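>>> Model the following, please.
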Amino acid sequence: MKRALLSLLRISPARVAAVMIKEFTQLRRDRITYAMILVMPLMQLLLFGYAINTDPRHLPAAVISYDHGRLADAVVATLERSTYVDVKHLPTSEAEMDRLMRRGEISLALTIPADFSERVLKGDRAQVLAEVDATDPTAAGGVSAAVAALPTEALRQDLRGAAARPPASAPFEVVIHRLYNPEGITSYNIVPGLLAIILSMTLVMMTAMAVTREVERGTMESLLSTPATAFEVMIGKLLPYVAVGIAQTAIVLLLARLLFSVPMAQTLAGWFALVVGIVLFITSNLALGYLISTVVRSQLQAMQISMFYMMPSLFFSGFMFPFQGLPVWARFIGEALPITHFLRVIRGSLLKGQELADMSPDLLALCAFLIVVATLTMMRSRSTLD
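All right, here's what the predicted structure looks like:
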C-alpha cells in the first residue's frame, strides 16, 4: 500500500506528457486507425439517421388501366398522390407487369378492369386488383394500407347525384393479393438475407486477416519471390476459401429449410442461376478481402476495415430495410455493394422462382464488381513486389 502511495507521489508530469505525446504521434502515423476514429462516428450518424426507416415510402408501382374513363383516371391520380408508392411504370400487358414484379422492380401492381367506370356508376360491386410484393412484410404493410384507402379517397369529388354513395358504402372494392409471401412470414425475408450477411462478414474478414498475417510473418514475401505470379498466388490462396463459402451456404440453406421452412428454388434452372450467383458473390467477397490485405499493415487494421465495410452493407443493401425506401444517395452507395445484388438473387430465387434471365442485371453487377476488385488487387500486388 505504501509503495503504491509512493509511486503516486513520484509521478512526473513531464514523463506522463512525454508518453502522451508519443501515443499521439503513433496514432497520427497509423493513418487507417486515425481515419476510423474520425469517420466512424460520422458514418454511424448517417446510417442510423437516414437508413433506419421502419415506414418506407415512395416504393415503385405499376398500373394497367383498361378503363380510360374519368373515374379510372381519378383512382390512378389518387394513388400517385400517396406518399407510400410512386407510379413509375405503365406496362402495356400483364406479362410485362408480372416480369416487373418478379424482378423486384415494383412493389405494387394495380390493374383496373375495362368495365370499372360503368360498374361504379351502376353500383355493381366494381373491383380493382392490387398485387403487392410481400417478400418484405414491412414494405408490404405500407403499400397495402395505401391501396386499401383508395375506395374512400379516390372518387370523393367525382361521384354526384344518384351515383353518390352513403358514407358507409365504398364506390368500389380493392382486392389485394400478397404475392410470394402471402402470410407475411418475416423469416422468409430475413433468413435468406442472413446468408449474404454471413458470407460477407466471414469471408471478407477471414481472407483479409489471413493474408495480412502471412505478410506480417514474412511468408507472403517468400511466396511472391517464387516463380508463381501474383495472380497465381491470389487464386491459390482464395480457392480453399471458396470451398469454405460453399460449405457455409449449404449449411445455411439446409437449416433455413429445416428450421424455418423457407421455400427453395423449384426448378433446375432456378438452382443453376442461384449457384452462379453464390459463386460470384463468394469470389467477390474473397477478392475484396485480399484487396484489403494489400492496403493494411496489421491484422487489427484488416479487422477494422472489414467491420467498416459491413456497416453500409447492413443498412444500404436492403437487408434490414426496403432498398427502394432508402434516400437516393444511399441507394447509389448500395448499388455499388455486391451484397445488394446478391440479396436480390437469393430472395428472387427462393421466393419468386427467378431464373437466369430474371437475375441477369444483378449477376452482371457482381461480375463487374469482381473484375474491378481483382484488377485493383493485382495492381497492389505488383506494387508490393517492387
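
>>> CA only for contacts and neighbour counts going forward, please
Noted.

>>> ok, now which ones touch the residue most central in space within the chain?
Among the residues of the chain, the smallest C-alpha distance to the mean C-alpha position (Cα atoms, centre = their mean) belongs to Ser317, namely 2.2 Å. Ser317 sits next to 323, 331, 334-335, 337, 339-341, 343 when contact means Cα atoms under 8 Å, 6 or more residues apart in numbering.

>>> May I ask which two of these are separated the most?
Using Cα to Cα, the two most remote members of the contacts of Ser317 are Arg331 and Leu343, lying 14.0 Å apart.

>>> More neighbours: which of the two?
Between Arg331 and Leu343, Leu343 has the larger neighbour count (other Cα atoms under 10 Å), namely 23 against 19.

>>> Touching, the more buried one and Ile197? I think so.
No - contact criterion Cα atoms under 8 Å: Leu343 and Ile197 do not qualify, at 9.2 Å.

>>> which residues are contacting stretch 56-74?
By Cα under 8 Å, 6+ apart, stretch 56-74 touches 76, 83-94, 97, 105-117, 138-139, 142-143, 154-155, 158, 321-322, 324-326.

>>> ok, back up a step: out of the contacts of Ser317, who's the most crowded?
Ile339 (28 neighbours).

>>> per-residue confidence for that one?
Note for Ile339: predicted pLDDT of 95.

>>> And for the one 5 residues further on?
According to the per-residue confidence, Arg344 scores 94 in pLDDT.

>>> Likewise for the one 10 residues further on?
The score at Gln354 is 90. That number is its pLDDT.

>>> residues near the nearest residue to it once chain neighbours are set aside, how many?
Computed as Cα to Cα, 6 or more residues apart in numbering, the closest residue to Gln354 that is not its neighbour in sequence is Gly348, at 5.3 Å. When neighbours are defined as other Cα under 10 Å, Gly348 has 24 of them.

>>> got it, and the one 3 residues further on?
A total of 22 residues lie near Leu351 under the criterion other Cα under 10 Å.

>>> And for the one 5 residues further on?
With neighbours defined by other Cα under 10 Å, the count for Leu356 comes to 19.

>>> contacting residues around it?
269-270, 272-273.

>>> And Ile185, how close does it get to Ala196?
Counting by Cα to Cα, to the nearest Å, the separation of Ile185 from Ala196 is 19 Å.

>>> Check what contacts stretch 108-119 and list those residues.
60-72, 85, 97, 101, 125-133, 143.

>>> how about the helices of the stretch 201-350 of the chain, start to end?
Assigned by DSSP state H, counting those that start in this stretch, the stretch 201-350 of the chain shows helices spanning 205-217, 219-224, 230-260, 268-295, 299-315, 328-335, 338-352.

>>> for Val143, what are its contacts?
Applying Cα under 8 Å, 6+ apart, the residues near Val143 are 59, 84-85, 107-108, 132.

>>> neighbours around Met303, how many?
19.

>>> what's the answer for the one 3 residues further on, then?
When neighbours are counted by other Cα under 10 Å, Ser306 registers 24.

>>> same thing with the one 10 residues further on?
Using other Cα under 10 Å, the number of residues around Phe316 comes to 29.

>>> Touching, it and Arg331? I think so.
Yes - Phe316 lies in contact with Arg331 (Cα under 8 Å); the separation is 6.6 Å.

>>> isn't there a strand covering Glu105?
No - using DSSP: H, G, I helix; E, B strand; the rest coil, the secondary structure at Glu105 is coil, not a strand.

>>> Assign the residue lying closest to it once chain neighbours are set aside to helix, strand or coil.
Once flanking residues are discounted, Glu105 sits nearest to Pro60: 7.1 Å by Cα to Cα, 6+ apart. Taken by three-state DSSP, the conformation at Pro60 corresponds to strand.

>>> Report the separation between Ile333 and Gly348.
Ile333 sits 21 Å away from Gly348, going by Cα to Cα.

>>> What of Glu118?
39 Å.

>>> again with Ser93
Applying Cα to Cα to Ser93 and Gly348 gives a distance of 22 Å.

>>> Ile371 too?
With Cα to Cα as the criterion, Ile371 and Gly348 are 24 Å apart.

>>> Tell me which helix or strand comes right after the one helix or strand Val75 maps to.
For Val75, the element it lies in under DSSP states H and E is helix 70-81. Counting by DSSP H and E, the element after helix 70-81 in chain order, helix or strand, is strand 85-89.

>>> how about that following strand as CSV, C-alpha atoms only?
What follows is strand 85-89, C-alpha atoms only, in CSV (Å, rounded to 0.1, in the frame of the first residue of the first chain):
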residue,chain,number,x,y,z
VAL,A,85,-45.9,4.5,-53.7
ASP,A,86,-44.7,6.2,-56.8
VAL,A,87,-46.3,5.1,-60.1
LYS,A,88,-43.1,4.6,-62.2
HIS,A,89,-44.3,2.1,-64.8
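
>>> Below-threshold pLDDT in the stretch 151-300 of the chain: ranges please.
Scanning the stretch 151-300 of the chain with the threshold set as pLDDT under 70 gives 156-169, 224.
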